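S.K.: Any chance you can model this:
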Amino acid sequence: MIRFQRTLKKQIHCKGIGLHTGLPVQMTLKPAPAGTGVVFVRTDLGGAEISASAANTAATSFATTLCRNNASVKTVEHLLAALSGLNIDNVTIELDGEEVPIMDGSARPFVRLIADAGIQPLEALQPVLKVIKPVFVREGNKQLAIWPAEATSISYFIDFNHPLLKEQSLQYQPSEEAFLREVSDARTFGFMSDVKALQANGLAKGASLDNAVALGEDSVLNKDGLRYRDEFVRHKILDLIGDLSLLGMPVIGHIVAHKSGHGLNAQMVGKLLSTPQSWMLLGSTGNTEVAETKQQFRHAQL
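M.R.: Numbers count the residues shown, from 1 in each chain. Next comes the predicted model:
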């Protein structure tokens, strides 16, 4: 798991609309030096910067929103999942609007952009957080846990009261190849019965059959159907990968999720940050750096 940090070889650009705002937005991803992390820049707000970190998590209803100094960026999880799934640690993301473009509702378009840019190794190690004591968060019948393990794996279970979803589960072993093959194409999904209520609350204004899997009472409404038989649980894993990347480093552990979502994912990040005794840091330059990093994490707040 220990490796060198990575960034892009060149900048890349795309445009689209926001899933929830429905507004057009242009986005540019630029290479960044080691130690930068993932940083969003609102070019329409004079270059306001928002780091993709747990401390900047502002909202988790139906998407993950980051906010710093009154500048925000919404629906970051699919882009963050693409960066995390391909081990891109440092990048500057310029946006001229408040929401990351939804593209086709999956991470596939972002993966293609990254492939077009190329990946550049950097001369700095990427620290890794290894869980050494079990960590749990729970909300009603939703649960998320990370167990100590020698390699990272994800076991995800969903259960919806819908004839097409019902119960789905997947065991996922993360790697760049597995991300491309098993997760990156899985699209966000929603129920047609919820659309009017969501839009009345200022959400899903940009949703369409071009950027989401739409479920009717007993069928998928998209003409081309599903990309995977179990696309729904795969997309949940995609969201989880994006949300956990707000830790700022990869995690080693067995992640077990039951009906988790953005809110519970954020709670897990917060629980890890508040319990430094539950993990150890690998890939750092020495004990002093480890101690300093744990001290910083101890005082981090969601």
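S.K.: Next one: the residue most central in space within the chain from residue 236, what distance?
M.R.: Centroid check for the chain by C-alpha atoms, centre = their mean gives residue 242 as the closest residue, at 1.1 Å. Using C-beta to C-beta, to the nearest Å, we find residue 242 at a distance of 11 Å from residue 236. No exception for glycine: its C-beta is placed from N, CA and C like everyone else's.
S.K.: What segments of the chain are helices?
M.R.: Taking DSSP state H as the test, the helices found in the chain are 77-85, 108-117, 176-178, 195-200, 231-244, 262-274, 287-298.
S.K.: if I pick the residue nearest to the centre of the chain, what's in contact with it?
M.R.: Neighbouring residues of residue 242 by C-beta atoms under 8 Å, 6 or more residues apart in numbering: 64, 76-81, 84.
S.K.: what's the spacing between residue 250 and residue 83?
M.R.: Where residue 83 is concerned, residue 250 sits at a distance of 12 Å (C-beta to C-beta).
S.K.: Tell me which of those two has more neighbours.
M.R.: Set residue 250 next to residue 83 and count neighbours by other C-beta atoms under 10 Å: residue 83 wins out with 27 against 22.
S.K.: For that one, report the pLDDT, please.
M.R.: Looking at residue 83, its pLDDT is 98.
S.K.: hmm, back to that, got JSON lines for the helices of the chain, with distance to residue 35 too?
M.R.: Shown next, in JSON lines, are these (distance: least, C-beta to C-beta, whole Å):
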{"stretch": "helix 77-85", "distance to residue 35": "16"}
{"stretch": "helix 108-117", "distance to residue 35": "20"}
{"stretch": "helix 176-178", "distance to residue 35": "22"}
{"stretch": "helix 195-200", "distance to residue 35": "39"}
{"stretch": "helix 231-244", "distance to residue 35": "20"}
{"stretch": "helix 262-274", "distance to residue 35": "19"}
{"stretch": "helix 287-298", "distance to residue 35": "12"}
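S.K.: winner for burial among those?
M.R.: Of all the helices of the chain, helix 77-85 carries the top mean neighbour count, a mean of 27, counting by mean count of other C-beta atoms under 10 Å.
S.K.: Residue 119 - nearest residue in space that isn't next to it in sequence?
M.R.: Distances taken as C-beta to C-beta, 6 or more residues apart in numbering put residue 6 closest to residue 119, at 5.4 Å, once the chain neighbours are dropped.
S.K.: For beta bridges, what are the partners of the one you found?
M.R.: Counting by DSSP bridges, residue 6 is bridged to residue 121.
S.K.: what about it, how many neighbours?
M.R.: 21.
S.K.: before we move on, back to that, which two of the contacts of residue 242 lie the greatest distance from each other?
M.R.: 64 and 84 (12.8 Å; C-beta to C-beta).
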